[in-house]
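Enquirer: Give the three-dimensional model of this entry:
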Amino acid sequence: MSQTCLTLALVSMLMSCPKHGVTLALIMWLIHVPELFYTST
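Expert: Here you go, the predicted structure:
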């Protein structure tokens, strides 16, 4: 579920502002990666 919300957020950011969207996307992705690992384990 968090992955879907994250994907939608990334898409909206990339569409609104490509340059800053990529940076924010990477930051948000790095923040959510540990959560996904902790949830799976």
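
Enquirer: got a list of what Ala9 touches?
Expert: Contacts for Ala9 (C-beta atoms under 8 Å, 6 or more residues apart in numbering) come out as Met28. Just so you know, the C-beta spots here come from the backbone N, C-alpha and C atoms, and that holds for glycine as well.

Enquirer: What backbone torsions are found at it?
Expert: phi -60, psi -40 (degrees, to the nearest 10).

Enquirer: The chain: helices as residue ranges?
Expert: Ranges of helices within the chain are 2-16, 18-40, based on DSSP state H.

Enquirer: Now those helices in TSV, please, with extra columns for mean pLDDT.
Expert: As requested, the helices of the chain are exported to TSV (pLDDT from 0 to 100):
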stretch	mean pLDDT
helix 2-16	76
helix 18-40	76
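
Enquirer: Tell me how many other residues surround Gln3.
Expert: 11 (other C-beta atoms under 10 Å).

Enquirer: quick one: contacts for it?
Expert: By C-beta under 8 Å, 6+ apart, the neighbours of Gln3 are Leu36.

Enquirer: Could you measure from it over to Met28?
Expert: Distance of Gln3 to Met28, computed by C-beta to C-beta, to the nearest Å: 12 Å.

Enquirer: Also Leu36?
Expert: Taken as C-beta to C-beta, the span from Leu36 to Met28 is 12 Å.

Enquirer: Measure how buried the residue nearest to Leu24 when sequence neighbours are not counted is and give me the count.
Expert: Counting by C-beta to C-beta, 6 or more residues apart in numbering, Leu24 lies nearest to Met13, which is 5.4 Å off, once chain neighbours are set aside. Per other C-beta under 10 Å, the neighbour tally for Met13 reads 17.

Enquirer: Distance of Met13 relative to Thr39?
Expert: 23 Å.

Enquirer: try Met15
Expert: Counting by C-beta to C-beta - Met15 and Thr39 are separated by 28 Å.

Enquirer: Leu14 now?
Expert: 25 Å.

Enquirer: quick one: which of the two has more around it?
Expert: The neighbour count for Leu14 versus Thr39, taken as other C-beta under 10 Å, is higher for Leu14 (15 against 9).
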